[in-house]
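Asks: Task: produce atomic coordinates for the following.
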Amino acid sequence: MSDEEEFPSVGDRRQGQVLVCMGDDRPDQWDSWLEPLVDEFEALKATATEHGLEFHMGSQLGELEGWQDFCEALGISVSTKFWEGSMNSGQFVMGWIKLGKVRGAQKAGKEILKQLGKSLLEQLREKRIGELGRIKDLNLLIERTCDDRGALLSENAKLKSDLEAAQKTKTKLLEALAEAKENDTSELTLDCMRIATAVLNGDRVILIAGPLVLWSDGIVYGFTSRGGVLLPPESAPWLLLKELQRVGHPLVEVGENTQVRGFLNPRLLAGTAHISGWINLWRQIESCERVFLVANPEQLAVVRQIHEHFKTPPLA
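Replies: Numbers count the residues shown, from 1 in each chain. This next block holds a predicted model:
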């Protein structure tokens with residue numbers, strides 16, 4: 001077996017399986033759908049450790065010790081291979097999942113995280129009630145409950161304020177999308193609404209709406225120019241971008257200056273005056289390398305990663 005076959009890249013397929021994570025001792029490379037789930041799992045695990053809580057889902061999964069237990073609960077098979085160098089050694093870890101099982105694993109991961117969060121909240125509530133019940137000094141009890149009441153009132157007020165702001169933002173977003181020109185495709189408008197809803201809910205998911213993408217980092221990446229032509233104003237994606245910009249949601253505006261050979265002279269690939277010409281920009285494959293433009297060069301790698309993600313046919 002060649003070195004390339006022994007050490008594939010995340011996303012490679014072998015013998016009916018796809019590689020979703022890899023690294024020395026602990027994966028440092030993850031598939032885009034898996035990394036946010038593992039990050040949230042480890043954040044919940046840290047919370048449980050900090051407060052001395054059990055980290056389990058009852059009889060369903062038992063105690064989840066770390067990322068490997070979590071991955072295996074999603075149907076990911078984790079293998080290790082020992083390596084030894086001149087000065088050190090370790091275990092090279094790979095995680096594989098069967099083709100066609102990614103969507104189910106993603107759904108299972110979200111459900112596990114939901115149940116773990118619910119379990120931690122219930123345990124913490126019982127722990128606090130137990131602490132109050134063990135207080136024998138009436139003055140201390142009054143002091144503690146007053147302190148707790150103040151904190152709860154403050155938290156409640158903040159939650160109410162956040163909820164009201166979110167509801168206002170949602171109304172504005174939906175109104176803006178409703179004002180989109182009739183010549184926008186209905187499917188594109190619906191996709192824009194799905195992104196707006198996910199942003200409001202704080203969902204870490206990957207969604208696409210024509211020239212816009214909500215990526216797993218929570219940032220919306222959107223094509224706003226191509227070959228000097230701007231994204232059509234008053235279209236659903238344009239309205240959504242403007243509203244997200246107004247409310248301060250993280251955005252990355254993407255331009256493109258891809259040059260292709262024409263019959264006589266090279267030419268720039270340009271956008272169209274109608275939004276229908278912008279729908280497949282993330283999926284489009286050209287004979288030459290596409291040239292993307294962003295204000296922050298550090299974000300260019302993510303833009304290329306998004307393009308690679310969408311130009312590749314999804315798993316069956």
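Asks: residue ranges for the helices of the stretch 201-316 of the chain, please.
Replies: Assigned by DSSP state H, counting those that start in this stretch, the stretch 201-316 of the chain shows helices spanning 236-247, 300-311.
Asks: Single out the most deeply packed of these.
Replies: Comparing the helices of the stretch 201-316 of the chain by mean neighbour count (mean count of other C-beta atoms under 10 Å), helix 236-247 ranks first with a mean of 20. All C-beta spots, glycine's among them, are computed from the backbone N, C-alpha and C.
Asks: quick revisit: tabulate the helices of the stretch 201-316 of the chain in JSON lines, adding columns for mean pLDDT and distance to residue 29.
Replies: Listed next are these as JSON lines, based on pLDDT from 0 to 100; distance: least, C-beta to C-beta, whole Å:
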{"stretch": "helix 236-247", "mean pLDDT": "88", "distance to residue 29": "30"}
{"stretch": "helix 300-311", "mean pLDDT": "93", "distance to residue 29": "12"}
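Asks: wait, which of those is closest to residue 39?
Replies: Among the helices of the stretch 201-316 of the chain, helix 300-311 comes nearest to residue 39, with 16.1 Å by C-beta to C-beta.
Asks: Please list all residues in contact with residue 225.
Replies: By C-beta atoms under 8 Å, 6 or more residues apart in numbering, the residues touching residue 225 are 231, 253, 255, 256, 271, 293.
Asks: I'd say the fourth one and residue 294 touch.
Replies: Spelled out, that is residue 256. No: using C-beta atoms under 8 Å as the test, residue 256 is too far from residue 294 to be in contact (10.3 Å).
Asks: The two - which one has more neighbours?
Replies: Legend: neighbour count by other C-beta atoms under 10 Å for residue 256 and residue 294, higher for residue 256 (22 against 16).
Asks: That one and residue 187: what is the separation?
Replies: 23 Å (C-beta to C-beta, to the nearest Å).
Asks: what do you get for residue 112?
Replies: 32 Å.
Asks: can you check residue 283 too?
Replies: Separation of residue 283 from residue 187 (C-beta to C-beta) stands at 14 Å.
Asks: Counting neighbours, which bits of stretch 198-206 end up buried?
Replies: 198, 199, 200, 203, 204, 205, 206 (16 or more other C-beta atoms under 10 Å).
Asks: could I get the helix or strand harbouring the first one in PDB with only the CA atoms?
Replies: Residue 198 is part of helix 186-201 when elements are defined by DSSP states H and E. The C-alpha coordinates for helix 186-201 follow below in PDB (Å, rounded to 0.1, in the frame of the first residue of the first chain):
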ATOM      1  CA  SER A 186     -39.500  31.000  -5.000                       C
ATOM      2  CA  GLU A 187     -37.000  28.300  -4.000                       C
ATOM      3  CA  LEU A 188     -34.200  30.800  -3.700                       C
ATOM      4  CA  THR A 189     -36.400  33.000  -1.400                       C
ATOM      5  CA  LEU A 190     -37.300  30.000   0.700                       C
ATOM      6  CA  ASP A 191     -33.600  29.100   1.000                       C
ATOM      7  CA  CYS A 192     -32.900  32.700   2.100                       C
ATOM      8  CA  MET A 193     -35.600  32.300   4.800                       C
ATOM      9  CA  ARG A 194     -34.000  29.100   6.000                       C
ATOM     10  CA  ILE A 195     -30.700  30.900   6.500                       C
ATOM     11  CA  ALA A 196     -32.400  33.800   8.300                       C
ATOM     12  CA  THR A 197     -34.100  31.400  10.600                       C
ATOM     13  CA  ALA A 198     -30.900  29.400  11.300                       C
ATOM     14  CA  VAL A 199     -29.100  32.700  12.100                       C
ATOM     15  CA  LEU A 200     -31.800  33.800  14.500                       C
ATOM     16  CA  ASN A 201     -31.800  30.400  16.300                       C
END
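Asks: how far is that helix from where the chain is centred?
Replies: A distance of 15 Å separates the centroid of the chain from that of helix 186-201, by C-alpha atoms, centre = their mean, to the nearest Å.
Asks: any idea of the angle it forms with helix 236-247?
Replies: Inter-element angle recorded for helix 186-201 and helix 236-247: 20 degrees (by axes from the mean of the first three to the mean of the last three C-alpha atoms, to 10 degrees).
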